[in-house]
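In: I'd like to go over a predicted model; first the sequence, then the structure.
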Amino acid sequence: MNPTLRKPLLMLTLAALVAVPVRAAEDGPFWAGHPEPASFSKLHVDHLEKAKAAVARMLAVQGKRTVENTLVHYDEALIQLDAAGAQASLIESVHPDSAMRTTAEKVTQDVSAYGTELSLDRRVYRALKAMDLAGADPETRYFVERELRDFRLAGVDKDDATRKRIKALNEELVKIGQEFGRNIREDVRTIQIDPAELEGMPQDFIDGHKPGTDGKVTLDINYPDYIPVISYARKDEVRKRLYMEFQNRAHPKNTEVLQRLIARREELARLLGFPHWAEYITANKMSGSAGAVRRFIDKVVATSGARAEREYQVLLQRKRKDDPAAGAVNFWEFPYYSEQVQKSDYNFDSQSVRPYFPYARVKQGILDLTARLFGVEFRRVENAPVWHPSVECYEMFEDGKLAARFYLDMHPRPDKYNHAAQFNVRNGVAGRQIPEATLVCNFPGADPDDPGLMEHGDVETFLHEFGHLLHTLFAGNHRWMGVSGIRTEWDFVEAPSQMLEEWAWDPASLAVFAKHHQTNEAIPADLVRQMKRAKDYGEGLRTRRQLVYADLSLSCYDRSASRVDAEAFLAERVKKYQPFPFIEGTHFTCSFGHLDGYSAIYYTYMWSLVIAKDMFSQFDRNDMLASGVAKRYRDTVLAPGGSAPAARLVENFLRRPFDFEAFRKWLNQEEDGKASVN
């Protein structure tokens, strides 16, 4: 996930511009020392003032408007706003001090407010529209055309009263979104169990969960506890209790917050001339319309149904070995019985691979693997200033030259963002500044005495988020900020990260770093192949779960807010797309953060996966460490950033338009792995 894209569609201008005058490079780290809330606020107030001054200089230009006398000033404004907005968004999500988080929230609000004001400023729009682009390169032309379109989508052509209301709604939406996310982040629930109820858990997990003075073991809903417990705990009641707490995060607080969010977005869409928010938010995506999204969902539904039903029957039959009278498999039982099926039908136990994935080695292995594939070098910056002692800073070098910087904030702690995502820090601009970004995850291994044995799914997640990071870093060397970094259509954003997950299943790639934390033995290739065959079971069910989310997301925004009942919609879509019964008493919509950030377009994960599977077809599955295709992929897909439509970038790489065929073959592969395409 890329939270840079979580903001409402009110910062269109911030996401699409800028030229670079000849200035000294500003390549120092964004985080220096240990700022107090007041100094952090002042730094970003200064960014805002510099942005406003640059816009004033742009508007003061007399005579013929050119790239040099208009975009240069606009560039300066957007560079300043990009830094303030991205850095504040990160700090409000990760800083351990509540005062700093509150200050960062206020900065985000201020930057968003000015971004909205800018996107509604007719003088700015006219200045950009009046520029003489004769002789401009294609990248510049594309950037300006896209920006002018986004100004119109923002409402710049509306009357004064309408633009005033649009601005107020956008400012309110930022605050509502922050409230929605804060409620999720701060609601870390726990359960207490007897030590004997840890039966079935890995020994390292048991060792790391000693009873308290009351003799009870405490489990929380953060991923390092939740995923192993829901997968391995033999006692059904333990899994159910933790599942219920996980599914009820931010309930009941976010029930009303979500309804308010949906209603304000509907009002905004109607002011902008669209029948509903879903039609508005898809207007500048690859899909182009809410109707196209609905047709895409239906296409995946038709492709996945038979396989999902077969897989469910396998699960149910396995459960009946424990409970002959069982009539259904419940959601909290799905991971557990999937593990049992993998053992019985595929001779694979997920716990058998965990010793090969200690966090520190996985981290270094992913750095080494991607450096090899893409021809770069990563160096740790020792004693770098960071916002928490567990955070690490790295720099990326190419041909011996500093090219980018990033931070790894990888372990859970109170009040920290509790999912996994890449946060931009600042986008790179050629000759001006290198790109900076941060990975924020919640993996085990924070305790120096804990090897931090990861699930293989954690390794996949690490690679996924690192795919976002590489996209940001490799695309951060353009003349214009508007095309620098991950500026492609949102439907494409997840494709590079989803494709990098493929290396988590390659025996040769895993052998680079997956070594037993006690014996140093590399993970056996046969074990990886076993894991791959076992993993292929369940893809139909997992795809159908993604369809639940995609349809829920679209349905909350493709009609009047007065007709939206998110919880009822979820129950209906579970029944429509999945054989599992809906679990009464759960309120997942309260913690489904994508209903804020992605709003109506959760479908983009599946849309991107279709493209990712097609792009992966170009790689040699027998030699996935080869750098040739990886270099061509980097140059044609990642490095261009948002300098051309995503479909064209993919076509440049594939040497043809992308299609649905690779995805269809993958989803309908033989479940024993004999016809596996990946």
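Out: Good, I have the coordinates.
In: which stretches in the stretch 151-300 of the chain count as strands?
Out: In the stretch 151-300 of the chain, the strands defined using DSSP state E, counting those that start in this stretch lie at 190-193, 217-220.
In: please disregard the earlier target; I meant the chain.
Out: According to DSSP state E, the chain carries its strands in the segments 190-193, 217-220, 377-380, 392-398, 401-409, 421-426, 436-440.
In: list the buried ones in the second one?
Out: Going by neighbour count (16 or more other C-beta atoms under 10 Å), the buried part of strand 217-220 is 217, 219, 220. (Each C-beta comes from the backbone N, C-alpha and C, glycine too.)
In: quick revisit: now tabulate the strands of the stretch 151-300 of the chain in TSV and tack on distance to residue 489 and mean pLDDT.
Out: TSV is the format used below for the strands of the stretch 151-300 of the chain (distance: least, C-beta to C-beta, whole Å; pLDDT from 0 to 100):
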stretch	distance to residue 489	mean pLDDT
strand 190-193	41	98
strand 217-220	37	98
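In: so where's the protein shaky on pLDDT?
Out: For the chain, applying pLDDT under 70 flags the ranges 1-26, 670-678.
In: which elements pack onto the lengthiest helix in it?
Out: Determined from DSSP state H, the single longest helix within the chain is helix 290-322. Identification of packing neighbours for helix 290-322 by 3 or more C-beta pairs under 8 Å, 6 or more residues apart in numbering; DSSP states H and E yields helix 277-281, helix 334-346, helix 539-555, helix 604-616, helix 661-667.
In: what separates the third one from the chain centre, distance-wise?
Out: Looking back up the chat, that one is helix 539-555. Its chain's C-alpha centre lies 17 Å from the corresponding centre of helix 539-555 when counted by C-alpha atoms, centre = their mean, to the nearest Å.
In: using PDB, write out every CA atom in that helix.
Out: What follows is helix 539-555, C-alpha atoms only, in PDB (Å, rounded to 0.1, in the frame of the first residue of the first chain):
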ATOM      1  CA  GLU A 539      -6.100 -18.500  -4.400                       C
ATOM      2  CA  GLY A 540      -9.700 -18.800  -5.500                       C
ATOM      3  CA  LEU A 541     -11.000 -18.100  -2.000                       C
ATOM      4  CA  ARG A 542      -8.500 -15.200  -1.500                       C
ATOM      5  CA  THR A 543      -9.500 -13.700  -4.800                       C
ATOM      6  CA  ARG A 544     -13.200 -13.800  -3.800                       C
ATOM      7  CA  ARG A 545     -12.300 -12.100  -0.600                       C
ATOM      8  CA  GLN A 546     -10.700  -9.300  -2.600                       C
ATOM      9  CA  LEU A 547     -13.900  -9.000  -4.600                       C
ATOM     10  CA  VAL A 548     -15.800  -8.500  -1.300                       C
ATOM     11  CA  TYR A 549     -13.600  -5.600  -0.500                       C
ATOM     12  CA  ALA A 550     -13.700  -4.200  -4.100                       C
ATOM     13  CA  ASP A 551     -17.500  -4.400  -4.400                       C
ATOM     14  CA  LEU A 552     -17.900  -3.000  -0.800                       C
ATOM     15  CA  SER A 553     -15.600  -0.100  -1.600                       C
ATOM     16  CA  LEU A 554     -17.400   0.700  -4.900                       C
ATOM     17  CA  SER A 555     -20.900   0.200  -3.400                       C
END
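In: which neighbouring elements make contact with it?
Out: Judged by 3+ C-beta pairs under 8 Å, 6+ apart, the packing partners of helix 539-555 are helix 290-322, helix 566-577, helix 594-597, helix 604-616, helix 661-667.
In: now mean neighbour count too, for those helices, in a markdown table please.
Out: Formatted as a markdown table, those follow (neighbours: other C-beta atoms under 10 Å):
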| stretch | mean neighbour count |
| --- | --- |
| helix 290-322 | 17 |
| helix 566-577 | 18 |
| helix 594-597 | 22 |
| helix 604-616 | 24 |
| helix 661-667 | 19 |
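In: of those helices, which is nearest residue 505?
Out: Counting by C-beta to C-beta, residue 505 lies closest to helix 604-616 out of these; the figure is 10.9 Å.
In: show me what that closest one is packed against.
Out: Packing partners of helix 604-616 (3+ C-beta pairs under 8 Å, 6+ apart): helix 290-322, helix 495-500, helix 539-555, helix 646-654, helix 661-667.
In: for residue 342, what are its contacts?
Out: Contacts for residue 342 (C-beta atoms under 8 Å, 6 or more residues apart in numbering) come out as 348, 349, 350, 534, 537.
In: neighbours of the third one, how many?
Out: Pointing back at residue 350 there. By other C-beta atoms under 10 Å, the residues close to residue 350 number 21.
In: if we can go back for a sec, relative to residue 155, which of the buried residues of strand 217-220 is nearest.
Out: Looking at these and their distance to residue 155, the nearest is residue 220, at 43.5 Å (C-beta to C-beta).
In: quick one: that closest one and residue 188 touch, right?
Out: Yes. Contact criterion C-beta atoms under 8 Å: residue 220 and residue 188 qualify, at 5.6 Å.
In: all the helices of the stretch 51-200 of the chain, residue numbers only.
Out: Taking DSSP state H, counting those that start in this stretch as the criterion, the stretch 51-200 of the chain carries its helices at 72-94, 98-119, 122-129, 138-154, 160-186.
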